[in-house]
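> structure for this input, please:
(2 chains)
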Amino acid sequence: MKRKIIKKFFFFLALIILMIEFIPIYILLSTSFKDNMTIWTSTSPFQPFKPTLEQYLGVFKETPFTKNILNSFYIASMTTVISIVGGSMASYALACLPIKRKKEIATGIILTRMIPQISLAIPIYLVMRSLKILDTYTSLILAHSTFGLPYVVWVLIPFFRSIPKELEEAALIDGCSRIQLFQKVFVPLASPGILVAATFTFLGSWNDFIYTLVLSNVKTTTAPMLVTTFWGMYAPEVGKMCAAGLLIIIPIFLVTFVLQKYIIMGLTAGGIKG
Amino acid sequence: MQNKLDFTDRSGGGISRHLFDNVIFLGPTLIFLFAILIYPLIYSLYVSFHDWKLVSTVPPKLIGFTNYINALKDPLFWNALRIQVTFILIAIPLELIIGLLVALLFQVEFFGNRIMRTLLLIPFFVLPSLSGLMWRFMLQPRYGLIGNIYYLLNMEPVDWLSNPRLTFLAVILQDIWRTWPFMFITLYAALSNFPKELKESAEIDGANKIQVFLKIILPLLTPAIVVACFLRLIDALRIFSEVYVMTEGGPGHATTFLSIYIYKNAFRFFNIGYANSMGYMLTIIALLISFYALSKIYKEELS
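Just a heads-up that it's a prediction; the model follows:
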């Protein structure tokens, strides 16, 4: 009996925590369905209101949202492809091949991930400017790969290590080349890790703010950058900001739900077992 | 799965036989990282020794360590560093405590545990820039959430974002809101891995809940806490986008974190040599912490 009451108490406690935590999310969601009049005249964000799709229509009709979200999608996809192809091969080499000083190389690659982005963004801007590729997809994809590649190497090393050595030897004796071995044995066996690495690389690029701010302009600007422009100098378009903001985070929520089993692994790269 | 970074040789073959494979597999990434990461870093060091203006017809002038010395004499640089450190010392411990308490709470199998756990992850996946904007909106005195709270308390609303202390507090609150779920989920995962018998046997021995927590759970949880705090520390050192959209570093310089100060020097004042010198100092701080932490955290794995 006592145990039952404790469970009930804990349930309500958790529910209250969840409700407090979700206030900003609720405001984001509800504001995106309000018209401008309601947003600026209501005394409380929790007042009942008549939902409207006005803000969403406005986002699609009056702003370059469609173009920007396609930009985001393209840049994130290309970053993911480059990071996964290069990173998984490097990770395999560092995990399984006899390379001198591989501990130092691996540590060096992981350390580059810890460099504050502003310290890299400024010299990358200067380099891209002298190459005359500012405001191109290439510059953003390359810049995003500076965090994508090291991340993939970091996440995948333990996965490749966990594949039994015997499998490798057997395949090599059968006359498999290293590249065939990698493609046909290691990649399929490490596929959960590759999925996690790909997802988080994609999210990193999708969420990026600083490189887009520094490197891109009208042509290649991404959806998150557009959302920040809705807070203008005089008349913040909060409704549009919330509608577009919600559209940007929906893909992230879907991924979170599908991959929740692997999230810890992706966040801490094996530092904590999930 | 074996979650270890261990690098003992397992190929069984001679070094030269595999040289070709090594180049094929590791080469592209190393070349790529050199071109887009190492080269810019070296270039940044070069720029930092110059009086270099972003838009100017005057050629950059070599001035040695002057930028670094100027930074150390610059009260605004120290102000940014102080803000950064204060932020880290307040936000991360609070995130840790909230995350840990909620992780312990969720160890009890109550109704809806699983779904609530998943939902609590959502704020962590909200883009930092969007989170900053939402908080800016909520803190508007007349129509935001904060205005409503003052109204309910029958008080005249205060504009948080024009008061230096309250703005700093708001940035901390925003960060706590977004990232305690990260602490929660990593610590929850670590707690779930403990064998159940451990706690049960301790309880039979007559130890009370607090003793069990302090003597058994906390020591076992320490490695996970260290990893989680390290990862948060690295992120807190480079906090930028949420503050940039929320306060633009203001009012005054109340929330001008290092990254924001560096950004402003580079792209508002076009003083790119100076910005690079400060960026380099920030990089060195981050790398020293990371190097120390990585060698501790992954001690057995890296040796």
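
> when you work out contacts or count neighbours from here on, use the C-alpha atoms and nothing else.
Noted.

> pLDDT value on B:Asn193, please?
Confidence at B:Asn193, expressed as pLDDT, is 80.

> can you count the residues close to it?
If you count neighbours by other Cα atoms under 10 Å in any protein chain shown, B:Asn193 ends up with 12.

> how about the secondary structure of the residue nearest in space to the middle of chain B?
Centroid-nearest residue in chain B, with Cα atoms, centre = their mean: B:Asp235, separated by 1.5 Å. Following DSSP: H, G, I helix; E, B strand; the rest coil, B:Asp235 is assigned to helix.

> tell me the contacts of it?
By Cα atoms under 8 Å, 6 or more residues apart in numbering or on different chains, the contact set of B:Asp235 is empty.

> pLDDT wise, what is it at?
91.

> and the gap between it and B:Thr186?
Per Cα to Cα, to the nearest Å, B:Asp235 is found 16 Å from B:Thr186.

> surely A:Pro98 forms part of a strand?
No - judged by three-state DSSP, A:Pro98 forms no part of a strand; its state is coil.

> residues near it, how many?
A:Pro98: 24 neighbours (other Cα under 10 Å).

> quick check: it vs B:Phe267, distance?
From A:Pro98 to B:Phe267 the distance is 46 Å (Cα to Cα).

> again, but for B:Ile90
Separation of B:Ile90 from B:Phe267 (Cα to Cα) stands at 30 Å.

> more crowded one of these two?
B:Phe267 (16 against 13).

> excluding chain neighbours, what is closest to the closest residue to chain B within the stretch 101-250 of chain A?
In the stretch 101-250 of chain A, the residue that lies nearest chain B is A:Ser119 (4.5 Å; Cα to the nearest Cα). Closest residue to A:Ser119 apart from its sequence neighbours, by Cα to Cα, 6 or more residues apart in numbering or on different chains: B:Gly279 at 4.5 Å.

> how much space separates the one you found from A:Leu195?
Using Cα to Cα, one obtains 33 Å as the distance from B:Gly279 to A:Leu195.

> more crowded one of those two?
Neighbour count, other Cα under 10 Å: between B:Gly279 and A:Leu195, B:Gly279 has more, with 29 against 15.

> cross-check the contact I'm expecting between the more buried one and A:Ile115.
No - using Cα atoms under 8 Å, B:Gly279 is not in contact with A:Ile115; the gap is 9.7 Å.

> which residue ranges form the helices in the stretch 51-200 of chain A?
Counting by DSSP state H, counting those that start in this stretch, the stretch 51-200 of chain A has helices at residues A:54-62, A:65-96, A:102-112, A:117-130, A:137-161, A:165-173, A:178-181, A:187-189, A:191-207.

> okay, those, which one's buried deepest?
For the helices of the stretch 51-200 of chain A, the largest average neighbour count (mean count of other Cα atoms under 10 Å in any protein chain shown) is found in helix A:137-161, namely a mean of 25.

> what angle sits between the helix or strand that contains B:Ala286 and helix A:117-130?
Assigned by DSSP states H and E, B:Ala286 belongs to helix B:272-297. Taking axes from the mean of the first three to the mean of the last three Cα atoms, to 10 degrees, one finds helix B:272-297 and helix A:117-130 inclined to each other by 130 degrees.

> chain center to helix B:272-297: distance?
13 Å (Cα atoms, centre = their mean, to the nearest Å).

> could you do stretch A:44-58 as well?
29 Å.

> can you give me the end-to-end distance of it?
One end of stretch A:44-58 sits 24 Å from the other (Cα to Cα).

> now do stretch B:137-153
Start-to-end, stretch B:137-153 (Cα to Cα) is 20 Å.

> list the contacts of the closest residue to A:Asn71 other than its chain neighbours.
Spatially, and ignoring its direct neighbours in sequence, A:Asn71 is nearest to A:Thr222 (5.7 Å; Cα to Cα, 6+ apart). Residues in contact with A:Thr222 (Cα under 8 Å, 6+ apart) are A:Asn68, A:Ile69, A:Asn71, A:Ser72, A:Thr212.

> report the two of those separated the most.
Largest separation among these by Cα to Cα: A:Ile69 and A:Thr212, giving 13.1 Å.

> coming back round to it: how close does the residue nearest to the centre of chain B get to B:Leu81?
Distance check for B:Asp235 against B:Leu81: by Cα to Cα, it reads 15 Å.

> quick one on the thing from earlier: how far away is the residue nearest to the centre of chain B from B:Ala286?
B:Asp235 sits 10 Å away from B:Ala286, going by Cα to Cα.

> do the longest helix seen in chain B and chain A meet?
In chain B, taking DSSP state H as the definition, the longest helix is helix B:75-105. Yes - Helix B:75-105 is in contact with chain A by Cα under 8 Å from any Cα of the partner chain, via B:Val102, B:Leu105.

> what does the average pLDDT come to for that helix?
The average pLDDT within helix B:75-105 is 95.

> how far off centre is it?
On the basis of Cα atoms, centre = their mean, helix B:75-105 sits 10 Å off its chain's mean C-alpha point.

> same question for stretch A:255-266.
12 Å.

> stretch A:142-149 too?
12 Å.

> tell me the contacts of B:Ser44?
Contacts for B:Ser44 were tallied using Cα under 8 Å, 6+ apart; they are A:Ile122, A:Pro123, B:Asn276, B:Ser277, B:Tyr280.

> what does the stretch 51-200 of chain A have sitting close to chain B?
A:86-87, A:89-99, A:102-103, A:111, A:114-120, A:122-124, A:127, A:142-143, A:146, A:149, A:157-159, A:161-162, A:165, A:178.

> which stretches of the stretch 151-274 of chain A have low pLDDT?
Applying pLDDT under 70 to the stretch 151-274 of chain A flags residues A:233-234, A:268-274.

> swap that for chain B, please
For chain B, the ranges with pLDDT under 70 are B:1-18, B:198-207, B:298-303.

> tell me where it has strands.
Ranges of strands within chain B are B:50-51, B:61-62, based on DSSP state E.

> so for chain A, which of the ones you listed sits nearest?
Of the strands of chain B, nearest to chain A by Cα to the nearest Cα is strand B:50-51, at 13.5 Å.

> is the closest one in proximity to chain A?
No - judged by Cα under 8 Å from any Cα, strand B:50-51 stays clear of chain A, getting no closer than 13.5 Å.

> am I right that B:Thr29 is in contact with A:Ala90?
Yes - using Cα under 8 Å, B:Thr29 is in contact with A:Ala90, at 6.3 Å.

> mind giving me the packing neighbours of the one helix or strand A:Phe9 maps to?
A:Phe9 belongs to helix A:2-21 when assigned by DSSP H and E. Applying 3 or more Cα pairs under 8 Å, 6 or more residues apart in numbering or on different chains; DSSP states H and E, we find helix A:2-21 packed against helix B:75-105, helix B:113-121.

> now with 7 Å?
With contacts defined as 3 or more Cα pairs under 7 Å, 6 or more residues apart in numbering or on different chains; DSSP states H and E, helix A:2-21 has no helix or strand neighbours.

> give the rounded mean pLDDT of it.
Rounded mean pLDDT across helix A:2-21 is 89.

> quick one, that helix and helix B:75-105 angle?
Counting by the same axes, to 10 degrees, helix A:2-21 lies at 150 degrees to helix B:75-105.
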